[in-house]
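In: Have a look at this fold, sequence not included:
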């Protein structure tokens, strides 16, 4: 799955670059085709980028927790990020992917 997403991400970037290419800009039909194809990929690419961001944040938090030289504040922040932020963020991504949440704004903080 991730290989396919990476392929789509590469294609999206190529399409984006081609929209600034003078050779394509001189052909309105080609611009429409590329714009349409790019627009169809955009929601998937944005969700994939969100996923990568969460994965990076999780990896960074885990790295801090494994580092005995990291101070207690960094450890506490990393534990909280893993417990609260990552789970909530992943939940929002899944809900958006399922079409149950349409807002680009994060949901209100639900912690007591």
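Out: Now that the structure is in, tell me what you want to look at. Values in this document were obtained by computation on a predicted structure and should not be read as measured data. Numbering: from 1, shown residues only.
In: ok, which stretches of this protein are helices?
Out: Under the criterion DSSP state H, the chain contains helices at 2-18, 22-25, 28-66, 72-80, 87-97.
In: For residue 21, grab phi and psi.
Out: phi -80, psi 120 (degrees, to the nearest 10).
In: Okay, it and residue 27: tell me how far apart.
Out: Distance of residue 21 to residue 27, given as C-beta to C-beta, to the nearest Å: 10 Å. Bear in mind the C-beta positions are built from the backbone N, C-alpha and C, glycine included.
In: which ones are touching the residue sitting furthest away from the middle of the chain?
Out: Residue farthest from the centre of the chain, counting by C-alpha atoms, centre = their mean, is residue 26 at 32.6 Å. If you count contacts by C-beta atoms under 8 Å, 6 or more residues apart in numbering, residue 26 has none.
In: Next: the one 5 residues further on.
Out: The contact partners of residue 31, taken as C-beta under 8 Å, 6+ apart, are 19, 24, 25.
In: In TSV: those, plus pLDDT and distance to residue 37.
Out: Output for those, formatted as TSV (pLDDT from 0 to 100; distance: C-beta to C-beta, whole Å):
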residue	pLDDT	distance to residue 37
19	91	10
24	84	12
25	86	16
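In: List only buried entries from these.
Out: residue 24 (16 or more other C-beta atoms under 10 Å).
In: If we only consider the contacts of residue 31, which is nearest to residue 5?
Out: Of all the contacts of residue 31, residue 5 sits closest to residue 19, with 21.3 Å by C-beta to C-beta.
In: For that closest one, list the residues it contacts.
Out: With C-beta under 8 Å, 6+ apart, residue 19 has these contacts: 25, 31, 34, 35, 38.
In: Mind picking the lowest-pLDDT entry from those?
Out: Least confident of the contacts of residue 19 in the model: residue 25, at 86.
In: can you tell me which residues contact that residue?
Out: Residues near residue 25 by C-beta under 8 Å, 6+ apart: 19, 31.
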